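> the following block contains a protein sequence and its predicted model.
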Amino acid sequence: MSNVKETVLEINLGHLTHNFKYLKSKVSPSTKMLAVVKASGYGSDASVIAKHLEKIGADYFAVAYVSEGIVLRESGVKKPILVLHPQPVNFQKLIEYQLEPSLYSIRVVKEFIEIATRLNKKKYPVHIKFNTGLNRIGFSENQIDELGGYLNNTKAVEVTTLLSHLAASEDNSEKKFTTEQINAFKKISDKMIDILGCTPLLHQSNTSGILNYPEAHFDMVRTGIGLYGFGNDAKYDKQLVPIMSLKSIISQIHELETGASLGYNRAFIASEYTKIATMPIGHADGISRQYGNKKGFVTINNQRAYILGNVCMDMIMVDITDIDCKEGDEVIVFDTNSSAAQVAENVGTISYELLTAISTRVKRIVIDDN
């Protein structure tokens, strides 16, 4: 008998420990582990995740925005926190909360140095982001001299790390491109070290970089999706365990006769007798409309039940014609057996999108066997 009485997201810290240890086993003991906990810990709970990882050996954390770093600091996280995409409007808050910025353009370098100087900071830790092929944000190789001039002309900041980001480290068909990225980062790093006269830590690998490119481990690696149980590859997925299980219940069961319609816009018309179950979860909870009309599914008593009609804001309806179940029974949206990757793949998206979409109104339950 399930204890689930409403829609909940269970977060299993034992699984998190397993994933962290597995990923750490793939790098040398001297290589630092940076845990990416942006987007509320990939949809879970960033503070819970970070505090647990801090206890079991994470060296660094990363978030996307300053506001996310502040949440971690206010929850008591002490380890360094890298902000991957900070905006100058938030630099003063960033410094106030002892967060560390990734600086990615001349504009943000100048603005950060100006604010750090005004606040009388000395050797404030900063990270310099280089673009080696992902082409989102970051300095290019031809900006090194100009960048070095600004960094060497101030005592307000000190470069802690140089970083870049692999674009396709999970894709075997892109090995040549990935190797070119790694070599470009080595070349850029050598130039920067010469100009700065110091040796910052280097990091470029994401989860797939950790698993597929040991030559790109450098001084530190960054892991995001791997911590949460996904390796972007079937062979690695077997070694990792999803830490999140999204569950709901059957609120009501209806019987539709031939010709009866279901839900908004009458998107489903029964071509034969159909039994449907309604549950309290919808697109406001993170199950987007793309999962409707038999593209998405849930699991009830170990059987797939496909979503019928349009996903509503607070409800979905599924086909249970051939499933033995009753009102109040547990419904699995995703868990360790029916993973978020499988559910997402069925509608042509990825686990990241499904996980990070889970609304804050969904109750979080932390499972910690210790």
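Perfect, I can see it now.
> just give me the neighbour total for the nearest residue to L134 once chain neighbours are set aside.
Excluding the flanking residues, the one nearest L134 by C-beta to C-beta, 6 or more residues apart in numbering is A167, at 4.3 Å. To be clear about C-beta, it is placed using only N, CA and C from the backbone, and glycine gets the same treatment. Counted with other C-beta atoms under 10 Å, the neighbours of A167 add up to 17.
> ranges for the helices of this structure?
13-24, 38-43, 46-56, 66-74, 91-96, 106-118, 144-152, 175-196, 207-212, 234-237, 340-345, 351-356 (DSSP state H).
> now render those as a markdown table, adding mean neighbour count and mean pLDDT.
Shown next, in a markdown table, are the helices of the chain (neighbours: other C-beta atoms under 10 Å; pLDDT from 0 to 100):
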| stretch | mean neighbour count | mean pLDDT |
| --- | --- | --- |
| helix 13-24 | 19 | 98 |
| helix 38-43 | 23 | 98 |
| helix 46-56 | 20 | 98 |
| helix 66-74 | 19 | 98 |
| helix 91-96 | 18 | 98 |
| helix 106-118 | 17 | 98 |
| helix 144-152 | 15 | 98 |
| helix 175-196 | 16 | 98 |
| helix 207-212 | 24 | 97 |
| helix 234-237 | 14 | 90 |
| helix 340-345 | 20 | 94 |
| helix 351-356 | 22 | 96 |
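> turn these into CSV, including distance to D368.
Shown next, in CSV, are the helices of the chain (distance: least, C-beta to C-beta, whole Å):
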stretch, distance to D368
helix 13-24, 4
helix 38-43, 15
helix 46-56, 8
helix 66-74, 19
helix 91-96, 31
helix 106-118, 38
helix 144-152, 43
helix 175-196, 37
helix 207-212, 23
helix 234-237, 23
helix 340-345, 21
helix 351-356, 20
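> between the ones you listed, which one is closest to T161.
helix 175-196 (10.0 Å; C-beta to C-beta).
> who does that closest one touch, helix- and strand-wise?
helix 144-152, strand 157-163 (3 or more C-beta pairs under 8 Å, 6 or more residues apart in numbering; DSSP states H and E).
> quick one: contacts of the last one?
The one in question is strand 157-163. The contact list for strand 157-163, computed with C-beta atoms under 8 Å, 6 or more residues apart in numbering, reads 82, 100, 102, 112-113, 116, 121, 123-130, 151, 188-189, 192, 196, 198, 200-204, 219-220.
> figure out which of the helices and strands packed on helix 175-196 is closest to V347.
strand 157-163 (32.9 Å).
> mind showing which ranges of the protein have poor pLDDT?
The chain contains residues with pLDDT under 70 at 1-2, 370.
> for the stretch 251-370 of the chain, just list every one of the strands.
252-256, 261-262, 268-269, 274-279, 297-300, 303-308, 316-319, 330-334, 363-367 (DSSP state E, counting those that start in this stretch).
> so M192 sits right up against G148, yeah?
Yes: counting by C-beta atoms under 8 Å, M192 does reach G148; the two are 7.0 Å apart.
> and D335, how many residues sit next to it?
17.
> distance check, the closest residue to it other than its chain neighbours against V298.
Using C-beta to C-beta, 6+ apart and skipping the chain neighbours, the partner closest in space to D335 is S245 (3.8 Å). Distance from S245 to V298, counting by C-beta to C-beta, to the nearest Å: 12 Å.
> compare those two (neighbour count), which wins?
Using other C-beta under 10 Å as the criterion, S245 and V298 rank with V298 on top: 27 against 23.
> what pairs with that one across the strands?
Per DSSP bridges, the residues bridged to V298 are A305.
> wait, what's in contact with it?
Contacts of V298 (C-beta under 8 Å, 6+ apart): 248, 279, 304-305, 307, 316, 318, 331-333.
> can you rerun that using 6 Å?
Contacts of V298 were listed using C-beta atoms under 6 Å, 6 or more residues apart in numbering, and they are 305, 318, 331, 333.
> need these in CSV (columns: distance to L134).
Formatted as CSV, those follow (distance: C-beta to C-beta, whole Å):
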residue, distance to L134
A305, 39
V318, 39
V331, 38
V333, 31
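> still on that earlier bit, partners of the residue nearest to D335 in the sheet?
In beta-bridge terms (that is, DSSP bridges), S245 pairs with E10.
> state the distance from it to K121.
Following C-beta to C-beta, the distance that separates S245 from K121 is 44 Å.
> if we can go back for a sec, quick check: the gap between the residue nearest to L134 and Q92.
Counting by C-beta to C-beta, the gap from A167 to Q92 is 33 Å.
> over to S251?
Distance from S251 to Q92, by C-beta to C-beta: 48 Å.
> likewise for L308?
Taken as C-beta to C-beta, the span from L308 to Q92 is 51 Å.
> mind listing what the residue sitting nearest the centre point of the chain touches?
Taking C-alpha atoms, centre = their mean, the centroid of the chain lies closest to Y42, which sits 3.6 Å from it. Neighbour list for Y42: 228, 355-356 [criterion: C-beta under 6 Å, 6+ apart].
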